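J.: Structure, please.
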Amino acid sequence: MKRSLLFLLTAGVLSLTAWCFWHFLGRDAIDVFTASILVLLAVDNDRLRRALAKAAKG
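T.: As a prediction, the model looks like this:
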């Protein structure tokens with residue numbers, strides 16, 4: 001029961017967040033998505049480069 005209520009609360013918060021995101025950003029939401037994805041890819045690329053360098057050193 002507690003788990004179900006927590007799941008419903010989480011779903012409600014996420015749906016409200018998604019609505020606010022699209023409502024307030026409108027057409028700029030795609031630009032925010034694109035910028036976020038580029039930043040995440042750069043961070044992941046850096047993390048992978050460090051892991052490969054560490055693995056190469058042995």
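J.: so where does residue 19 fall, helix or strand?
T.: Per DSSP states H and E: residue 19 is located in helix 2-25.
J.: Okay, buried residues for the helix or strand following that helix please.
T.: With elements assigned by DSSP H and E, the helix or strand that comes after helix 2-25 is helix 29-57. Residues of helix 29-57 classed as buried: none (neighbour count, 16 or more other CB atoms under 10 Å). Every C-beta, even on glycine, is put in place using the N, C-alpha and C of the backbone.
J.: In terms of secondary structure, what does helix 29-57 contact?
T.: Judged by 3 or more CB pairs under 8 Å, 6 or more residues apart in numbering; DSSP states H and E, the packing partners of helix 29-57 are helix 2-25.
J.: What are the contacting residues of the helix it packs on?
T.: 29, 32 (CB atoms under 8 Å, 6 or more residues apart in numbering).
J.: orientation of that helix relative to helix 29-57 in degrees?
T.: 120 degrees (axes from the mean of the first three to the mean of the last three CA atoms, to 10 degrees).
J.: where's helix 2-25 relative to the chain centroid, distance-wise?
T.: 15 Å (CA atoms, centre = their mean, to the nearest Å).
J.: Rounded mean pLDDT for it, please.
T.: For helix 2-25, mean pLDDT is 96.
J.: Can I get it in PDB, CA atoms only?
T.: Extracted C-alpha coordinates of helix 2-25, given in PDB (Å, rounded to 0.1, in the frame of the first residue of the first chain):
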ATOM      1  CA  LYS A   2       2.700   2.500   1.000                       C
ATOM      2  CA  ARG A   3       4.700   1.600  -2.200                       C
ATOM      3  CA  SER A   4       1.600   2.200  -4.400                       C
ATOM      4  CA  LEU A   5       1.000   5.600  -2.800                       C
ATOM      5  CA  LEU A   6       4.700   6.600  -3.300                       C
ATOM      6  CA  PHE A   7       4.400   5.500  -6.900                       C
ATOM      7  CA  LEU A   8       1.300   7.600  -7.500                       C
ATOM      8  CA  LEU A   9       2.900  10.600  -5.800                       C
ATOM      9  CA  THR A  10       6.000  10.200  -8.000                       C
ATOM     10  CA  ALA A  11       3.900  10.000 -11.100                       C
ATOM     11  CA  GLY A  12       2.000  13.100 -10.100                       C
ATOM     12  CA  VAL A  13       5.100  15.100  -9.500                       C
ATOM     13  CA  LEU A  14       6.700  14.000 -12.700                       C
ATOM     14  CA  SER A  15       3.600  14.700 -14.800                       C
ATOM     15  CA  LEU A  16       3.300  18.200 -13.200                       C
ATOM     16  CA  THR A  17       7.000  18.800 -13.900                       C
ATOM     17  CA  ALA A  18       6.600  17.800 -17.500                       C
ATOM     18  CA  TRP A  19       3.600  20.000 -18.000                       C
ATOM     19  CA  CYS A  20       5.400  23.000 -16.500                       C
ATOM     20  CA  PHE A  21       8.400  22.300 -18.700                       C
ATOM     21  CA  TRP A  22       6.400  22.300 -21.900                       C
ATOM     22  CA  HIS A  23       4.000  25.000 -20.800                       C
ATOM     23  CA  PHE A  24       6.600  27.600 -19.700                       C
ATOM     24  CA  LEU A  25       9.300  26.900 -22.300                       C
END
